[in-house]
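Enquirer: Provide a 3D model corresponding to the input given below.
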Amino acid sequence: MTPEGRLAAAIDLLHAALEAPRRPADAIAAEFFRARRYIGGGDRRAVSDLAWGVLRQRLRLDWWLAEAGARPTPRLLALAHLLLVEGLTPAEAARRFEGGRYGAGALDIGERGAARALAGKPLIGKEMPEGVRLNLPAWALPGLAARFGARLAEEAAALEQGAPLDLRANRLRTTREAAAAALAAEGFAPEPTPFAPHGLRLRGRAAVTASAAYREGLVEVQDEGSQLIAALVGARPGMRVADYCAGAAGKTLAMAADMENRGRITACDVSAPRLSGALKRLRRAGVHNAETHLLAPGDRWAKRRAGGFDRVLVDAPCTGTGTWRRNPDARSRLGAEDLQELLTKQGEILDTSAQLVRPGGRLIYATCSLLPEEDEMQVEAFLARHPGFRPVPLARAWAEAGLPGAPPCAGPHLALSPAAHGTDGFFAAVLERAA
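Expert: Here you go, the predicted structure:
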């Protein structure tokens, strides 16, 4: 594809994303490229990079377009990206839109006027409000400021960067060293993760899911922070474990390895397609001690199994602020009302899942959020409602899980962030039920 053709395709992808603002952009992109199999790998990356670049800088691009008196259409957002991020002149950007039958179409009078208004402007303007300047939406800014204080700008900058690709060596089939060797033999350059004892990290683009090591179940894609949360559960052979919000079962897979395929894990979720995908991952990884359960409205499964589990992991639905490196569209996809709905849902899930924990067992609450409202404050509210639970200090839970060295962060709970730890933003609290 020509640069003009790539721009046209990126604008089409942005159209699809903006027409369905409540759907994750990665799901929309998967459908988009599935319907356009003629777009090759290199062109697909270029189209994705431009579309994702727009989504990553959407707050700033919207602000500049508003200053220019323009409405943020997909074409104008792409145009603003060419001018403010790539540094093209208005004439160069206009030529990029042209290109015959495969181009996006020449700029109209209004678009040319917007280009002139944006010419020579910096992406980050001193006159911008703090949230826009830091690329943080207004609904999340208070919580993030409370979390990071003087480190807010550093963490905001880290959230704008691309994330590495983290893998977990599947100990049911191999070791970290053997998995690294298998990946190296296929041309990858894995390096050990600094905190997770079974993690490997790949820098840059890496089509690891096409590798033999992945197809044979030697490695699973899992951020290092997610690996640490699974380890803090402390799942051991013979235990009964519930992964209450299992999703695609990444943590179920890790816990099955800790249990050496002995005992029983029940992976629960409200989505049948997610559980179907989880079953495929479990089979590929050689997991034999896991079952799935679809949580449906009015389901009495939790009441029937009250007190029946040694460990219950609640990886709660959340705003995903900690994953903005990978999901930049979430900055503008969610709002204050979504946060309030999630806070209510998290409390309800905690109350329901707590009854599954046997006396002396543990409930592990986790999110991929950086907001205190979804993390420490949610735990404090739960403990106030359930005096039969008490927090397990992070240092103790870390040591009991057999994790090496000291925890990567101070405080009673695990709280990871991109700038401080190089992982996605994760939170986890280990809560023990009184015997």
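
Enquirer: so when I look at residue 93, I'm seeing a strand, right?
Expert: No - looking at residue 93 with DSSP: H, G, I helix; E, B strand; the rest coil, it is helix, so not inside a strand.

Enquirer: OK, contacts around it?
Expert: Taking CB atoms under 8 Å, 6 or more residues apart in numbering as the criterion, residue 93 is in contact with 79, 82-83, 107, 115. Where C-beta positions appear, they are placed from N, C-alpha and C, glycine not excepted.

Enquirer: now stretch 385-399, how far from the chain's geometric center?
Expert: Centroid displacement of stretch 385-399 relative to its chain, using CA atoms, centre = their mean, to the nearest Å, is 26 Å.

Enquirer: out of the contacts of residue 93, which is most surrounded?
Expert: residue 79 (30 neighbours; other CB atoms under 10 Å).

Enquirer: show me what contacts residue 33?
Expert: 39, 44.

Enquirer: now residue 392: how far from residue 374?
Expert: Here residue 392 is placed at a distance of 20 Å from residue 374 (CB to CB, to the nearest Å).

Enquirer: same deal with residue 274?
Expert: From residue 274 to residue 374 the distance is 21 Å (CB to CB).

Enquirer: Those two - which one has more neighbours?
Expert: A side-by-side neighbour count of residue 274 and residue 374, using other CB under 10 Å, places residue 374 first with 26 against 17.

Enquirer: Verify the stated contact: the more buried one with residue 342.
Expert: Yes - contact criterion CB atoms under 8 Å: residue 374 and residue 342 qualify, at 6.8 Å.

Enquirer: how about the helices in the stretch 201-350 of the chain?
Expert: 212-215, 224-232, 250-258, 272-285, 301-304, 330-333, 336-354 (DSSP state H, counting those that start in this stretch).

Enquirer: And those, which one averages the lowest pLDDT?
Expert: When the helices of the stretch 201-350 of the chain are compared on average pLDDT, helix 330-333 comes out lowest at a mean of 86.

Enquirer: May I see the buried residues of stretch 358-373?
Expert: By neighbour count with 16 or more other CB atoms under 10 Å, stretch 358-373 contains the buried residues 358, 361-373.

Enquirer: follow-up on the earlier one: make JSON lines out of the contacts of residue 93 and add pLDDT, distance to residue 161 and secondary structure.
Expert: Formatted as JSON lines, the contacts of residue 93 follow (pLDDT from 0 to 100; distance: CB to CB, whole Å; DSSP: H, G, I helix; E, B strand; the rest coil):
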{"residue": "79", "pLDDT": "96", "distance to residue 161": "24", "secondary structure": "helix"}
{"residue": "82", "pLDDT": "96", "distance to residue 161": "21", "secondary structure": "helix"}
{"residue": "83", "pLDDT": "97", "distance to residue 161": "22", "secondary structure": "helix"}
{"residue": "107", "pLDDT": "93", "distance to residue 161": "31", "secondary structure": "coil"}
{"residue": "115", "pLDDT": "96", "distance to residue 161": "28", "secondary structure": "helix"}
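
Enquirer: and these as JSON lines, adding distance to residue 181?
Expert: What follows is the contacts of residue 93, written out as JSON lines (distance: CB to CB, whole Å):
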{"residue": "79", "distance to residue 181": "48"}
{"residue": "82", "distance to residue 181": "44"}
{"residue": "83", "distance to residue 181": "47"}
{"residue": "107", "distance to residue 181": "53"}
{"residue": "115", "distance to residue 181": "52"}
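
Enquirer: hang on, the earlier thing: list just the nearest of the buried residues of stretch 358-373 to residue 155.
Expert: residue 370 (7.7 Å; CB to CB).

Enquirer: Give me the residues contacting stretch 175-192.
Expert: Outside stretch 175-192, the residues touching it (CB under 8 Å, 6+ apart) are 167, 169-170, 174, 197-203, 206, 208, 211-213, 218-219.

Enquirer: per-residue confidence for residue 270?
Expert: The per-residue confidence score, pLDDT, reads 93 for residue 270.

Enquirer: now residue 23
Expert: pLDDT at residue 23 comes out at 79.

Enquirer: Let me see the domain layout of the protein.
Expert: 3-123, 165-221, 224-433 (automatic domain parsing).

Enquirer: Nearest to residue 144 among those domains would be which one?
Expert: Closest among the domains of the chain, using CB to CB: domain 224-433, at 6.0 Å.

Enquirer: can you tell me the distance between the two ends of that closest one?
Expert: 27 Å (CA to CA, to the nearest Å).

Enquirer: Identify the residue nearest residue 264 in space, chain neighbours excluded?
Expert: residue 240 (5.2 Å; CB to CB, 6 or more residues apart in numbering).

Enquirer: Assess the claim that the one you found and residue 312 are in contact.
Expert: No - shown here, residue 240 and residue 312 do not form a contact pair, counting by CB under 8 Å, at 9.5 Å.

Enquirer: out of those two, which sits in the more crowded spot?
Expert: Comparing residue 240 with residue 312 by other CB under 10 Å, the one with more neighbours is residue 312, at 29 against 19.

Enquirer: show me the contacts for the more buried one.
Expert: Going by CB under 8 Å, 6+ apart, the list of residues near residue 312 reads 241-242, 244, 353-354, 356-357, 361-364.

Enquirer: ok, so of the residues you listed, who is nearest residue 285?
Expert: Closest to residue 285, out of all of the contacts of residue 312 and judged by CB to CB, is residue 241, at 15.8 Å.

Enquirer: Okay, and the beta partners of that closest one?
Expert: residue 265, residue 311 (DSSP bridges).

Enquirer: From residue 390, how far off is it?
Expert: Per CB to CB, residue 241 is found 20 Å from residue 390.

Enquirer: who has more neighbours, those two?
Expert: Legend: neighbour count by other CB under 10 Å for residue 241 and residue 390, higher for residue 241 (29 against 11).

Enquirer: right, and the domains of the chain - which one's nearest residue 159?
Expert: Using CB to CB, these put domain 224-433 closest to residue 159, at 4.7 Å.

Enquirer: returning to that earlier point: touching both of residue 374 and residue 342, which residues are there?
Expert: 318-319.

Enquirer: who's in contact with residue 133?
Expert: Going by CB under 8 Å, 6+ apart, the list of residues near residue 133 reads 60, 124-126.

Enquirer: Residue 435: which of those residues is nearest?
Expert: The nearest one, if we look at the contacts of residue 133 relative to residue 435 and count by CB to CB, is residue 60, at 53.6 Å.

Enquirer: ok, and for the strand or helix carrying the closest one, which residues are buried?
Expert: Per DSSP states H and E, residue 60 falls inside helix 58-67. By neighbour count with 16+ other CB under 10 Å, helix 58-67 contains the buried residues 58-65.
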